[in-house]
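J.: would you be able to build a 3D model of this:
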Amino acid sequence: MAILRTLEPGDEAFLENFLLQHADTSMFLRSNWREAGLLDQGARFQGTYIAAIANEIIVAVAAHYWNGMLIVQAPVHLAEVVQAVVNQSHRPILGIAGPAVQVAATKQVLGLVEQPTQLDDSEILLSLALPNLQVPPALASGEVECRLPYPEEFDLLSHWCADYNVEALGHLHTPDLVVNCRRELEARQVRARHWILVAEDTPIAYTTFNAWLPDIVQIGGVWTPPALRGRGYAKCVVAGSLLEARSHGVERAILFTNRENYPALAAYQAIGFRPTGEEFGLVMFQST
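T.: Okay, the predicted model is just below:
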């Protein structure tokens with residue numbers, strides 16, 4: 001018999017011990033509590049965490065975050081933790097993420113199967129041990145350079161970010177989207193969590209980490225403008241970001257991508273990524 005409990009400051013190690021058993025599909029959960037703790041006051045990265053506890057160990061958790069995302073890691077007692085966290089957070093559900101089977105089950109539990117979505121994917125998880133990173137020749141030779149963006153490049157990158165959100169996440173291209181992207185870029189800059197690839201000082205590709213832990217990083221937001229695709233820039237910018245992570249002692253990287261995005265899969269596998277056998281679910285509901 002499991003009991004449900006709201007996690008509070010002081011429960012971090014208790015939570016981490018559980019999440020480490022499911023590390024590849026728990027990156028957002030692990031990264032967010034490290035960024036903002038377990039207190040929920042609605043600030044960036046904060047959320048309400050409900051755990052199911054059996055025999056004094058956590059066996060399931062669901063978190064509902066500041067941005068409306070509901071994230072699950074609940075191989076058992078999924079319905080209980082999902083319903084409890086939504087009831088407690090009083091937030092709208094703008095999206096769901098976690099192991100693909102659990103995301104589908106969460107939609108059923110919450111009666112959201114018919115809710116219109118802008119994105120509803122079961123994506124392939126790929127992993128790379130960073131000692132095995134294959135650095136593309138163009139990056140190794142200095143033909144292209146991967147670096148932190150300069151502030152004067154943010155206008156361009158804000159539009160790139162908006163284009164990524166439209167193409168990859170199904171957002172509508174509105175002025176607000178560009179403004180929100182600018183804010184997101186500024187937040188990433190403070191933490192040095194994003195990179196651009198440049199050739200002769202001209203930006204040609206972009207990437208970011210959407211989760212960064214001492215042992216593992218998760219890649220997200222990889223973007224090459226359509227006119228520049230097919231030239232190997234995506235694998236160069238990702239490899240450049242991972243060289244930086246490796247220099248800080250990070251040992252592994254993970255990412256998820258649509259199984260039908262063949263160019264992306266080819267680029268990631270070319271630098272050493274391999275499928276883990278797991279799938280990650282990501283749902284974004286349409287704005288009303």
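J.: how near is Leu139 to Glu186?
T.: 26 Å (CB to CB, to the nearest Å). The way it works is simple: take the backbone N, C-alpha and C, and place the C-beta from them, glycine included.
J.: tell me which of these two has more neighbours.
T.: Comparing Leu139 with Glu186 by other CB atoms under 10 Å, the one with more neighbours is Leu139, at 22 against 12.
J.: please identify which helix or strand holds the more buried one.
T.: In this assignment (DSSP states H and E), Leu139 forms part of helix 137-141.
J.: what's the average pLDDT for that helix?
T.: Mean pLDDT, computed over helix 137-141, is 98.
J.: and for His148, the neighbour number?
T.: Let me fix one detail, which is that residue 148 is Leu and not His. 13.
J.: can you report how many residues neighbour the nearest residue to it once chain neighbours are set aside?
T.: Nearest residue to Leu148, sequence neighbours excluded (CB to CB, 6 or more residues apart in numbering): Ala192, at 5.9 Å. Number of residues near Ala192 (other CB under 10 Å) recorded here: 12.
J.: phi, psi for Ala192 please.
T.: phi 50, psi 50 (degrees, to the nearest 10).
J.: that one against Arg147, yeah?
T.: No. Using CB atoms under 8 Å, Ala192 makes no contact with Arg147, being 10.5 Å away.
J.: host element of the most centrally placed residue in the chain?
T.: The chain has Asn210 as the residue nearest its centroid, 4.3 Å off, counting by CA atoms, centre = their mean. Per DSSP H and E: Asn210 is located in strand 202-212.
J.: using CSV, write out every CA atom in the helix or strand following that strand.
T.: Of the helices and strands lying after strand 202-212 in sequence (DSSP H and E), the nearest is strand 216-223. Extracted C-alpha coordinates of strand 216-223, given in CSV (Å, rounded to 0.1, in the frame of the first residue of the first chain):
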residue,chain,number,x,y,z
ILE,A,216,24.6,14.2,-17.8
VAL,A,217,23.1,16.9,-20.1
GLN,A,218,20.0,16.8,-22.3
ILE,A,219,20.1,18.5,-25.7
GLY,A,220,17.2,20.5,-27.0
GLY,A,221,16.4,23.3,-29.4
VAL,A,222,18.8,22.3,-32.2
TRP,A,223,18.2,24.7,-35.1
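J.: what is the following helix or strand past strand 216-223 packed up against?
T.: Once the chain leaves strand 216-223, the next helix or strand it forms, by DSSP H and E, is helix 233-247. In terms of contacts (3 or more CB pairs under 8 Å, 6 or more residues apart in numbering; DSSP states H and E), helix 233-247 is packed against helix 137-141, strand 145-147, strand 194-199, strand 202-212, strand 216-223, helix 262-270.
J.: who does the fourth one pair up with?
T.: Partners of strand 202-212 in the sheet, by DSSP bridges, are strand 194-199 (antiparallel), strand 216-223 (antiparallel).
J.: report the distance from the first one to the chain centre.
T.: Here strand 194-199 is found 19 Å from its chain centre; the criterion is CA atoms, centre = their mean, to the nearest Å.
J.: what angle sits between it and helix 233-247?
T.: Strand 194-199 and helix 233-247 meet at an angle of 130 degrees, taking axes from the mean of the first three to the mean of the last three CA atoms, to 10 degrees as the criterion.
J.: what comes up buried for strand 194-199?
T.: Under the neighbour-count criterion of 16 or more other CB atoms under 10 Å, strand 194-199 has 194-199 buried.
J.: please apply the same query to stretch 55-73.
T.: Those would be 58-66, 68-73, for stretch 55-73 by 16+ other CB under 10 Å.
J.: please report how far Val178 lies from Phe285.
T.: Note on Val178: its distance to Phe285, by CB to CB, is 22 Å.
J.: before we move on, the earlier item: which one of the buried residues of strand 194-199 is nearest to Glu152?
T.: Nearest to Glu152 among these: Ile196, at 11.9 Å, using CB to CB.
J.: and that closest one, bridged to which residues?
T.: The partner residues for Ile196, given DSSP bridges, come to Arg147, Tyr206.
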